[in-house]
Structure formats: structure tokens, C-alpha cells
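J.: sequence plus the predicted model coming up.
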Amino acid sequence: MKPPIQIDMHRVGNLGGNQHAMSIDEDSLAHVMSLLTDVYSDDEMACLREYSTNARDSHLESGQTRPIEISLPNLMTPYLKIRDYGIGMNESDVAEVYSKYGASTKRDSDVYNGVLGIGGKAALTYSSQFTVTAIKNGVKTVVMVSRVEDGTGVMEVVATAATSEGNGVEISIPTKPGNSFASKAEYLFSFWPEGSVLVNGKAPARIALQAITPTIGMSNDVSSDVIVMGGVPYPLSDGYNLSTANIRDAYIVAFVEMGEVNFPPSREALSYTAKTKATINDITDVVDANLRRVAQDDVDSQTSKPEAFKCYRKWLSKVGGTIASGLTYDGVTIPASILFPEHTVWDRYGYRGARTHKVIHGTADITTLNASLVILNYTGIQINSTYRSKIDQWARSRIGQVFTDHRFIEKGKTVDLSWVDPARIVDFATIKAETLNSNSTGYRKPPTIDIYDLGGRVVTLPIDTTKTLLYVSPADKISGSKIVALYKQFTDIQVVALGKNRWDKFLRENPTAKPLQTFVREKFSASQDALTDLDKKILGCTDNSYTARRVSWMDETRVDDPDLVDDILLAKGGQKSAAVDDYQAVRWLARTFHLYSLSFSAPVLGKNYPLLSEQSNGTLGAEHTYIMVNSCYAAKTNNP
């Protein structure tokens, strides 16, 4: 990409004095190289961004259409690996890129990301060393790049060998415990085109966009307007926006061609040069010119007036009345309210409580009606407790909820309810014909009780009879964080905080309720029963990290023995099933509630190679290990 770092500056005049061109002090080169290495404020994102965009450039240059591959670090394999299948590198190529600051072969192109000549060293701002494995034209070159005490870097070629593998480069960076590479990779690669990258063997989730044009959209997945260039998202700084509309709860994401905006050497933000500002203004003009069309197209795509009204309300909330007002459906302007006759209201908790009252309205708000139950052909009889129970029973069984607000329209009166959700409309004769269940006679407010909410706080709420009820005594002092974890794992439960002196009465009224610890114990037993023998071996590796580390660092593609390959994959957890994930999650919960859990013995991995435990996983040690195991396997298979 042509140099993106531009300064808006114009020199006027000449004072006539002696002029001296600026240069770099040769004695300070180490200091300057250190500054260039540490230019990044987010070292983890720098590693992901710089090496993945280099890999992307390589695929573009070679015409490669397969995705680049990202392997995120885990407990068993604490390395970030970025692999491409592009043009590849030989030893001189690697030396040019990784031993020289400022060197770039892409400076005259507006196609590629690489231009500054410092991104290839980005890993040294995070780690003291990293490994480059480069393949080109049948030769594999393994290079260790390290940072020394004065801040400069050293590149050491540790191995070269012939190979049948195709061209490409893999960057391997040792990582630190508690890193955030997973969440940062999720964000970065959500902006990449479909099919361009795999993360741990899977396509990453792409950012959800409401399309405005083929290259511009609105998203709820970001926290500011974003310009994306070359797969790198650049959030706009405060004071800069990609629309003059007052957009709420969403932001603009615009994808631009290489070279359309400028950025500083860190590539972590935009440089607001004349070129960048002009691009921002162009995008803003396109967004403003198309927002109303997009909203209207969205409304037109709906299949009914009620759905069109919901869509209209969504846009009204998102972009305001200036853009959304006057949207139409089937040639009719969508109204905010409709003419409504005199009617009777039963407001469960409002003014007048459970009593009904007459309301004379010229209009009724459609949004309010969509949150109410509208009852047609009302005959004027008293809405007593029996009718209220019938209304609640009908609403709960047909819609899944009871309503606070009820509107009764008398028989013979007409009203256009075509914009109202038909699920909220029922004939009074239907209510009248409803047969009450034995426990539904007489209207009564739902009973309330002390319940843990989703945030782990004890609040007074009605019991949700659709969920599994669990109970625990406040005297047990269960922390809110444990309750939150429980709710995250099991979404169909409700936990009641109840003194032990009230348990008998509670169980008579709720006979299916269970003690919290009994529920967790049952779920834990079920998760254990679901494990296969292979699952238990994987858990044995997970629970005994020393055993797994014996072989988990190894690259299975470089091993000839299929049994050892299986052991390596087992140690890496690559075959872990959903049952293992479920067991580990429930086991953690069981331990927090002081319940017994099983442990699984570690399998013997690489048992045919006893010297593995003495091997180092450093680059040179690794090469010796592969030679040792492959030689042993060859000797074993060649001798009957």
C-alpha cells in the first residue's frame, strides 16, 4: 500500500539561513529500533493484526483463495499461530522482512497492507522471541527472531530442510497466561470477508450489518462508527461520525478500498488528514442519502400491517422522526395512533386497581394497544374475578403471558385494528366460553416471594411456574456470583431464598421444587454419565497438564507414527466433545457448592518414546525431537 502517513503541511517562504537535512544518529540506531518495536499500545492486537494482514497480503499476491489459519493459545498449547498459504519465503526473503526495519516490497501498491516495514517485528513488543517457519519452492526455513537487551532484534536461522509442503509462512508466538487473544481475534476477524480466515479451524462470526449499500451498513455489534480498510477496523474518534442523522443504538460500519484513509505507524487509529476527512465526508453523504430508502425497503419487506408497524417503530427508535416519519406500507402512511371509540378498561395494577372504568378517547396509541389485550364484542357485563381468571388463563395458554392493560370494545362498535398484532385481539365470546382449570377460579394477584434475579440479587418477584423451582436458605449464605453462574449454565430455573421454617408450606404449594444442591448434584451425575471413554481420557489430560505438556507442544503433521499423532491430538483437546464441555462447566459449579467430583487418571501419552520427557520444546530441541521419534518409528516399522 502506498505510504498512508501524511501530514497536512505547506511550507511558505525561506529565511535564507543554512539548511541541514535531518538524519538518524548511527550511535542511536538501537534506541530508534526499540522505539519502532514498541510503537503499539495494544501488543496482543498488534500481533493478530500485523501478521494476519501480512498473511492476507501474501494470499492476494499469490492468488490463493483458501483461508489463512489462526490457532489461538490454550493451556495445552500456549502459542498464537498464524499460517498462510501464499507466496512463501526463502532465507533471503525472511532476512529482508525480519532483520530490517523500514524494508517493504509493497510501498508502490494500493492493494496490500504492508508498507511501513515494522509490522513483521510486532511480536517483539509482546514476547522476547517468536518463530517463523517459511516454505518456498520445496525448502522449509525455520527462523528464531529474538529481542536482546539493548532493544534491537536478532534473527537466527535454526534449520533448513527439503519439504513437499506447499508455499506459505507460519508465525508462532509464545503467549502469557490470562491473555485476551480469543476476544480480540473475535473482534478483528468479524470484519473479514467470509471464507478468508479460520480461527481454530472454524469460520469466525461476522459482524451483523443492516446493509445501507454493498460496502456500508449499520451494526449493534460495535461501540462507535468504524471504517474498515484491508481487514483492519479503525474506530472513529469522538467528534467524527459517518452520518449526520441522530442514530441511536447502532453505528455505521464502512468498508473502503486500500489507500482511502491514512493511519499512524501503529495502525491502531486513523490519522485525520485531508484525505481521511474527505473519505469520511463521502461516506456520510452516502449514508444520509440512503438511510430513508433502507428504512422504507425494510418496511416494504414485511408481510403484514402489524409487522410493518413493528418495523416502523424500530426505525423510529433508531434514526428518529426526521428520517422515519412518513414511512408507508402498501401505499398508506403508517399511523402512530388510530381512532378509538368509547371503551372499558381493566388496568390490573393502575389507578383503580382491579376495577374497570370507562374511557372516552378520540384516538389510541398503536404501540400501547400492541402491549394490551383488546377484547371485541364486549356485552357490558361485570368483569368479575371469574372473567379475570378466564382472561388470564386464555392469555397465558395462547400468548404465554398475562396482560396489565385490557381494552373492552362493546358489541356493535367498530375500530380499525389492522395495524395491531392479531395475537392481542380476542372476541369476548371466546373468553366467556373458556373453561377454568380447577386451580384458576377467582382472580388473585400472582404470589410473590424472595427470588434470586439474574444478577444474583434477592428481589421480591412472582414465581415463574414455567421454570424448575430451586430453593435455598439465606442462612446458607450462597454468594450472588454462584447464583449468576448457575443461571448462566441452566436458563430454565428459578432460585428461591426461603427460610427453613417455611420450606414445608412452600413444598406443599410447589411439590416439584428441589433443594439447590440436590439439583446441582443430579445435573453433575447426568454429565458424568454422558462421558465416553475417550472423553474421560481427554479430561485426564486436562486435569494432569504435566502429562499433556509432554506431547501437546508437538506439531502432529511432522510426526510419522499414527499412534503418537493420536496422542498429540488427544493432548491438545482437539477431539473434545460437547459432553466434555458440559461436564467441565457443571463440575465447576459442583465444586463451588462443595460437592464431590470425579477425577480421571492421566493416560500415558507417547509411551513408545520414553525420551520424550527429556526433550525441550525450544526450536532446536523440537527439531531434535522430531528426528528422534521419526527415526525410532522408521526403525520399528522396518524391522519385523
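T.: Sure, I can see it.

J.: identify the residues contacting residue 611.
T.: residue 628 (CB atoms under 8 Å, 6 or more residues apart in numbering). Any C-beta I mention is one placed from the backbone N, CA and C, and that applies to glycine too.

J.: tell me the SS of the residue nearest to residue 515 when sequence neighbours are not counted?
T.: With sequence-adjacent residues excluded and distances taken as CB to CB, 6 or more residues apart in numbering, residue 515 is closest to residue 471, at 6.3 Å. Secondary structure state of residue 471, per DSSP: H, G, I helix; E, B strand; the rest coil, is strand.

J.: run a quick neighbour tally on residue 471.
T.: 23 (other CB atoms under 10 Å).

J.: how near is it to residue 509?
T.: 12 Å (CB to CB, to the nearest Å).

J.: and for residue 399?
T.: Relative to residue 509, and taking CB to CB, residue 399 is found at 25 Å.

J.: neighbour count winner among those two?
T.: residue 399 (14 against 10).

J.: give the contact list for the more buried one.
T.: 423-424.

J.: for it, what are phi and psi?
T.: phi -110, psi -20 (degrees, to the nearest 10).

J.: how near is it to residue 132?
T.: Distance from residue 399 to residue 132, by CB to CB: 61 Å.

J.: likewise residue 209?
T.: 35 Å.

J.: looking at the two, which one has more neighbours?
T.: Each of residue 209 and residue 132 has its neighbours counted (other CB under 10 Å); residue 132 has more, 22 against 17.

J.: which residue ranges of the stretch 101-250 of the chain form helices?
T.: Assigned helices in the stretch 101-250 of the chain, in chain order: 181-189 (criterion: DSSP state H, counting those that start in this stretch).

J.: same deal with the stretch 501-640 of the chain?
T.: 503-509, 516-529, 533-543, 545-552, 562-572, 578-592, 619-638.

J.: can you give me the angle the second one makes with helix 578-592?
T.: Here the directions of helix 516-529 and helix 578-592 differ by 150 degrees (axes from the mean of the first three to the mean of the last three CA atoms, to 10 degrees).

J.: other residues contacting helix 516-529?
T.: So helix 516-529 is contacted by 468, 470-472, 478, 486, 490, 493, 495, 514, 579, 582-583, 586-587, 589-590, 593, 595, 597-598 (CB under 8 Å, 6+ apart).

J.: of those, buried ones?
T.: Neighbour-count burial (16 or more other CB atoms under 10 Å) applied to the contacts of helix 516-529 gives 470-472, 478, 486, 490, 493, 495, 514, 579, 582-583, 586-587, 589-590, 593.

J.: and the longest helix seen in the chain, what other elements does it pack with?
T.: As assigned by DSSP state H, the longest helix anywhere in the chain is helix 274-300. Helix 274-300 sits against strand 210-213, strand 216-219, strand 226-229, strand 251-256, helix 305-319, helix 321-324, strand 328-329, with contacts defined as 3 or more CB pairs under 8 Å, 6 or more residues apart in numbering; DSSP states H and E.

J.: residue 499: neighbour count?
T.: When neighbours are counted by other CB under 10 Å, residue 499 comes out with 11.

J.: check it and give its pLDDT.
T.: pLDDT, residue 499: 86.

J.: for it, what are its contacts?
T.: Counting by CB under 8 Å, 6+ apart, residue 499 has contacts 473-475.

J.: got it, and residue 477?
T.: Applying CB under 8 Å, 6+ apart to residue 477 gives no contacts.

J.: for it, give its distance to residue 483.
T.: 12 Å.

J.: and if you look at residue 493?
T.: Distance from residue 493 to residue 483, by CB to CB: 10 Å.

J.: now swap in residue 243 and tell me
T.: Using CB to CB, residue 243 is found at 42 Å from residue 483.
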